[in-house]
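> With the input below, show me the fold.
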Amino acid sequence: MNPFIQQMINQKINTITVNELIKHGRTYNIILTPNDASKIIKILKTEPYIDIQDDEQHKRLIKKIGKDVSLDVAKKANELLNQFKKMM
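I've put the predicted structure just below:
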């Protein structure tokens, strides 16, 4: 795994905006509303630092999105995070 690419992806996830999240979702045929994207980002910001390779953190975030937003949005967020992981 290329550490440079991993660092770039981690940085992007830690600083992503609502519009960027919606745009990245569309790239992978994942449609997010601005409200859903905003909720996802709020949940991501509850973690001091997102590490794309931390599977436990990934599971914890997806569960929280499922609980606080919706199961459908959690599935979409999981798909998007998995797409980011494939980039590495």
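
> Could you use CA atoms for every contact and neighbour count after this?
OK.

> and the host helix or strand of Gln6, what's its mean pLDDT?
Of the helices and strands defined by DSSP states H and E, Gln6 is found in helix 3-15. For helix 3-15, mean pLDDT is 82.

> Following the chain onward from it, which element is next?
Tracing the chain past helix 3-15, the next element assigned as helix or strand by DSSP H and E is helix 18-27.

> If we go by neighbour counts, what in whichever helix or strand comes after that next one is buried?
Once the chain leaves helix 18-27, the next helix or strand it forms, by DSSP H and E, is helix 34-44. Neighbour counts over helix 34-44 (16 or more other CA atoms under 10 Å) mark 36-41, 43-44 as buried.

> Generate JSON lines for those residues, with distance to Lys67 and pLDDT as supplementary columns.
Output for those, formatted as JSON lines (distance: CA to CA, whole Å; pLDDT from 0 to 100):
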{"residue": "Asp36", "distance to Lys67": "13", "pLDDT": "90"}
{"residue": "Ala37", "distance to Lys67": "15", "pLDDT": "91"}
{"residue": "Ser38", "distance to Lys67": "15", "pLDDT": "94"}
{"residue": "Lys39", "distance to Lys67": "11", "pLDDT": "92"}
{"residue": "Ile40", "distance to Lys67": "11", "pLDDT": "90"}
{"residue": "Ile41", "distance to Lys67": "14", "pLDDT": "92"}
{"residue": "Ile43", "distance to Lys67": "11", "pLDDT": "92"}
{"residue": "Leu44", "distance to Lys67": "14", "pLDDT": "88"}
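
> sorry, back to before: check the offset of the helix holding Gln6 from the chain's centre.
Here helix 3-15 is found 12 Å from its chain centre; the criterion is CA atoms, centre = their mean, to the nearest Å.

> That one - contacts with which helices or strands?
Contact here means 3 or more CA pairs under 8 Å, 6 or more residues apart in numbering; DSSP states H and E; on that basis helix 3-15 packs against no helix or strand.

> which residues sit against it?
The contact list for helix 3-15, computed with CA atoms under 8 Å, 6 or more residues apart in numbering, reads 44-45, 49-52, 84, 88.
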